[in-house]
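Peer 1: Pasted the sequence and its predicted model underneath.
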Amino acid sequence: MRPQGITKTIDLGDGRPITIETGVLAKQADGSVTVRMGDVILLATVVATKEAREGIDFLPLQVEYREKFSAAGRFPGGFFKREARPSDHEVLTSRLVDRALRPLFPDDFHGDTQVMITLMSTDKKNHSDSLACLAGAAALAVSDIPFGGPVSEVRVARINGQFMINPDMDESTQADIDLIVAATEHDILMVEGEMKEVQESEMIEAIKLAHEAIKVHCRVLNELSAAVPKSQVKRSYQHENKNEELEKKIFDFCYQRYYDLAMKPSSKEERSANFSQVKEDCLATLSEEELADKSMLNRYFKKAQKKAVRNVVLDNGVRLDGRKPTDIRPIWCEVDVLPGTHGSAVFTRGETQAINMLTLGSSLDEQTIDLATRKGSENFLLHYNFPPFSTGEVRPIRGVGRREVGHGNLAQRALKPVIPQGEANPYTIRLNCDILESNGSSSMATVCSGTLALMDAGVKITAPVSGIAMGMISDGSRHAILSDILGDEDFLGDMDFKVTGTAKGITATQMDMKVDGLPYEVLAQALEQARQGRLHILDEMLKTLDKPREDYKPHAPRIVTFDVPKESIGPIIGPGGRVIQEIQAETGAQISIDEVDGRGIVEIASENKASIDAAVSRVKAIAFPPQADVGATYTGKVKTIMPYGAFVEVVPGTDGLLHVSELDWKRVENVEDVLKEGEMVEFQVIGKDPRTGKLKLSRKVLLPKPEGWVERPQNGDRRERRDRGDRDDRPRREHSRPGREPRRED
C-alpha cells in the first residue's frame, strides 16, 4: 500500500500549480521530496554526515543535478546507451542551486553534505532547471540538517514587454530579459541571466517581481517543514573547536599589523608575503598547546585579517592595491597576436590577463545539443580555461571543472546578443580563452578579450561588449561598493557582482550575496557604478580596435550560402551521400545542405576561392540543370561501364548512354579497352532514345575517320566500314528463302 505522504501546493495564480510531496519516496535519505509542475517531476534528496572529517574547516557541499533521458521517453546517445558524465547544462543547473543553498548553512557546520536532484519526468514544455533549487530547498526543509532556509529560485523573463514567472520553453525564446533569481523570504541571494541590452532599472524591476514569487514559495516551504516532525528538531553538532582566549590573543597581536599593511598599496605577491609574516610572528608567541589545532588557528588568523582589511576600506576608502572604490586597474590590449588563428586578442587589466583565440567554421562544426529536454545545435561557442600557472600554482589537470564551465557560460551569454544571425553570419564561431594571469574577475577579462578577438577576425558584431566585477563591503550601517575587485576583495567582501554590456545596455549578469540584506537602493548604486566602470573599460578596449575589420583573415574559410529547390536536395546528396562526397573530394570544398521552411539551404566553405567557385558550379548544375542540346559537344565523367557501353554524365544530374558502337570507328570488343570509370571523356549528343528518354552519345563522331571509310545506310541509320579493294572482289552468297526468289546480282 502506498504510504500517506505530506503534500503542499504553491499557486501563483497562473494556472500552473507546483506540488511538493514528502514521505513517499527515498525515505532513508535525511530529507526527500518530489516537486511537480505539469508533467515535470523532480526527485530531490539530501544526506549529511553527522561528524566532520578531520582537518575540514569548510562546508563540503555537493549539489548534483541530473536529467534522466527516460524522463523524456528517450534513449541516451552514444554507444553505451546510459547517462554518462553530466552535461554542461546539468553542471550549470547544479551551480545555480549550490550558490543559493551554500550561504544559508551555518558557518561552523562542516559535515559532508550531498544534495541530489533528478529529473524523473518531463513534458518538454516547462523548464526543470527553474524548479531545481525549490526541490533541493524542500528536501532540506523536511530534514534535520541545520539550514537557514527556506530559499527558492524562479525564472523571470520579459516577453513582448510583459514580465512572466517561470515561462515555458517556447516563451523563453522570445524574451529580452531572462534571469534566474534566488532569494529567501527577506533577501536576494543570487541572480544570473542574460539580456538584450536592457537598462539597469529594468533589471531591478525583474528582480523585484521574482522576489515576490519566491516569498510565496518560502511560505509554503515553512508550512511543509512544520508538517514534518523530524524537521522540527535540528541535529546537534560540534564541527569546530573554539578557544575564545586564543582568538582574542591572535586578534590583539595581528589586527593592527594587518590594518597597517592594508593601508600600504602592494602587489598580490607582496601582500601575501607580508600577511604571512605577521602570522609567523604571531605563531612564534604561542605555546605548544595553543599550536595544536591548526584548523582553529587558521580560522582566527583569517578572521582578524578580514576585519582589518574591511575596516580600512570602510574607514578610509583605501583598497589593498591603493585604489579608491571606483578606480579601475590599468588596462592594455593587443589584437592579431596569433597569426595562425582566424582572430586573437590579449586583454590585461591589472594582474588579470586573458588571451582569446577565435576559429571560424561551417555549419558542420556546430555543437550538437542532445539533452533529455532539448535537442538542437549551437553555432556560437566559448570555452574558458583556467590553467594552474595563472595563479602561480602547481596542480594536476583533470579536465574541465565546474568553475570553468560556469565562467565560460557567463562570457558566452554576454557576447551572444551581439553575434550577427542568419545571412549576416554564415559561420560557426568558437572562442577559446586561456587565463594567463588571475587576480580578480577573469570571466570579465574573457568577455573583453572575446570582443576584441571577434572584431579582429572581421565578425560584424552589432556592438562591442565589456564586463566588470563589482564587490561590496558592509558592516550593517556602512557599505562600500568596489569596482573591478581583486581576488582578495572577492574573498573578503560581501558581494560578487559581475555585469556585462554594450554602451547601450546590459547583456548578462551574475550576482552572489554572502550576507543577509541587500537593499534595492544599494543594488541600484552598484549597478550604476558598474555601468560607469564598464564604459571606461570599453573606451580603453576601443583604443586598440574600435570596430570589426572590413574583411576576414586571408587564411579564414570563405562561406557561400544559397537556396535550392527542396526536390534538389536528394540529387545533390546522391545515393548514400555519393554525389556530395564526390564534389567535396574533387573541389576541396566543404558542403552541407539542410531543409529549412520547405527549401534547401546549401553552404559551401573553403579557404580557396577557386575551390568554392567549382563546388558552387557543380551544385547549381544539379539543382538547376542545363538542358543538353543534340549536336552539342560536352566533356563528362564516365559513371558506369556496362558490356554494351558506358553511362556518362552529360551535365550534373543528367546521364547519357555512350554505346559500344559509338566509341570508335573500328570495332570495339571490350568497353574497358577504351574507357575507365571516373575518367573524363569528350563526346557529342547525337539524339534521344524515344522509349526511355535517355540521351544517346557518340565519341567516334569527334574522331577522324579512317582512310578508305565508306558509309552506306543499312537497317535505318546503321553504318558499316567497307574496304573497296577487298569487298568488291569477294564472291557473294545467295540465300534462298521459302516463297521468295533467290537474290541476284545486277
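Peer 2: Noted; the coordinates are in hand. Residues are numbered from 1 along each chain as shown.
Peer 1: Secondary structure element holding the closest residue to P464 other than its chain neighbours?
Peer 2: Spatially, and ignoring its direct neighbours in sequence, P464 is nearest to T451 (4.8 Å; Cβ to Cβ, 6 or more residues apart in numbering). Just so you know, the C-beta spots here come from the backbone N, C-alpha and C atoms, and that holds for glycine as well. Per DSSP states H and E: T451 is located in helix 442-457.
Peer 1: Tell me the buried residues in stretch 370-378?
Peer 2: Neighbour-count burial for stretch 370-378, counted by 16 or more other Cβ atoms under 10 Å, picks out L371, A372, T373.
Peer 1: picking up where we left off before, distance of the residue nearest to P464 from T348?
Peer 2: To T348, T451 is 14 Å away according to Cβ to Cβ, to the nearest Å.
Peer 1: same question, G533
Peer 2: Distance from G533 to T348, by Cβ to Cβ: 16 Å.
Peer 1: And for F301?
Peer 2: 32 Å.
Peer 1: Repeat that for M642.
Peer 2: For M642 relative to T348 (Cβ to Cβ), the value is 69 Å.
Peer 1: Which one's more surrounded, those two?
Peer 2: T348 (20 against 11; other Cβ atoms under 10 Å).
Peer 1: tell me the contacts of R66?
Peer 2: E83, P86, E90, M116, I117, T118, L119 (Cβ atoms under 8 Å, 6 or more residues apart in numbering).
Peer 1: want to throw these into CSV with neighbour count and pLDDT?
Peer 2: Rendered in CSV, the data for the contacts of R66 read as follows (neighbours: other Cβ atoms under 10 Å; pLDDT from 0 to 100):
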residue, neighbour count, pLDDT
E83, 16, 86
P86, 17, 91
E90, 22, 95
M116, 21, 98
I117, 29, 97
T118, 20, 97
L119, 27, 96
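Peer 1: Confirm V35 sits in a strand?
Peer 2: Yes: counting by DSSP: H, G, I helix; E, B strand; the rest coil, V35 falls inside a strand.
Peer 1: Which residues does it form beta bridges with?
Peer 2: I20, L42 (DSSP bridges).
Peer 1: okay, now it: neighbour count?
Peer 2: 24.
Peer 1: What separation do you get for it and D170?
Peer 2: Taking Cβ to Cβ, one finds V35 at 22 Å from D170.
Peer 1: Same question for S276.
Peer 2: S276 is 56 Å from D170, by Cβ to Cβ.
Peer 1: neighbour count winner among the two?
Peer 2: S276 (11 against 8).
Peer 1: Surely that one forms part of a helix?
Peer 2: Yes: S276: assigned to a helix according to three-state DSSP.
Peer 1: Please report how far it lies from F301.
Peer 2: 10 Å.
Peer 1: do L140 as well
Peer 2: 31 Å.
Peer 1: These two: who's more crowded?
Peer 2: Neighbour count, other Cβ under 10 Å: between L140 and F301, L140 has more, with 29 against 21.
Peer 1: Setting aside sequence neighbours, what's the nearest residue to that one?
Peer 2: Nearest one to L140, counting by Cβ to Cβ, 6+ apart, is F147 at 4.7 Å.
Peer 1: Tell me how many other residues surround the one you found.
Peer 2: 23.
Peer 1: any idea which element it lies in?
Peer 2: Judged by DSSP H and E, F147 forms part of no helix or strand.
Peer 1: Would you agree it is in contact with A100?
Peer 2: No: at 11.6 Å, F147 and A100 do not qualify as touching, with contact defined as Cβ atoms under 8 Å.
Peer 1: so what's the backbone phi/psi at the residue nearest the centre of the chain?
Peer 2: Residue closest to the mean C-alpha point of the chain, counted by Cα atoms, centre = their mean, is L381 at 4.7 Å. Backbone torsions of L381, given as degrees, to the nearest 10, read phi -120, psi 140.
Peer 1: That one contacts C433, doesn't it?
Peer 2: No: counting by Cβ under 8 Å, L381 does not reach C433; the two are 11.1 Å apart.
Peer 1: where does this protein dip in pLDDT?
Peer 2: Where the chain drops to pLDDT under 70, the residues are 515-517, 626-628, 652-653, 710-746.
Peer 1: biggest helix in this structure by residues?
Peer 2: helix 200-226 (DSSP state H).
Peer 1: Can you list the buried residues in it?
Peer 2: Result for helix 200-226 [16+ other Cβ under 10 Å]: buried residues 200, 203, 205-207, 209-211, 213-214, 216-218, 220-221, 224-225.
Peer 1: Now do the next helix-or-strand element following that helix: distance to the chain's middle.
Peer 2: Past helix 200-226, further along toward the C-terminus, the next helix or strand under DSSP H and E is helix 244-262. Relative to its parent chain, helix 244-262 has a centroid offset of 47 Å by Cα atoms, centre = their mean, to the nearest Å.
Peer 1: Run a quick neighbour tally on R395.
Peer 2: 9.
Peer 1: Look up how far V522 lies from it.
Peer 2: Applying Cβ to Cβ to R395 and V522 gives a distance of 37 Å.
Peer 1: Could you do Q238 as well?
Peer 2: Where V522 is concerned, Q238 sits at a distance of 36 Å (Cβ to Cβ).
Peer 1: who's more crowded, these two?
Peer 2: V522 (15 against 9).
Peer 1: picking up where we left off before, and which of the buried residues of stretch 370-378 is nearest T587?
Peer 2: Lowest distance from T587 to those (Cβ to Cβ) belongs to L371, with 36.2 Å.
Peer 1: Give the full set of residues in contact with the closest one.
Peer 2: Contact analysis of L371 by Cβ under 8 Å, 6+ apart lists E67, S87, H89.
Peer 1: Thank you, goodbye.
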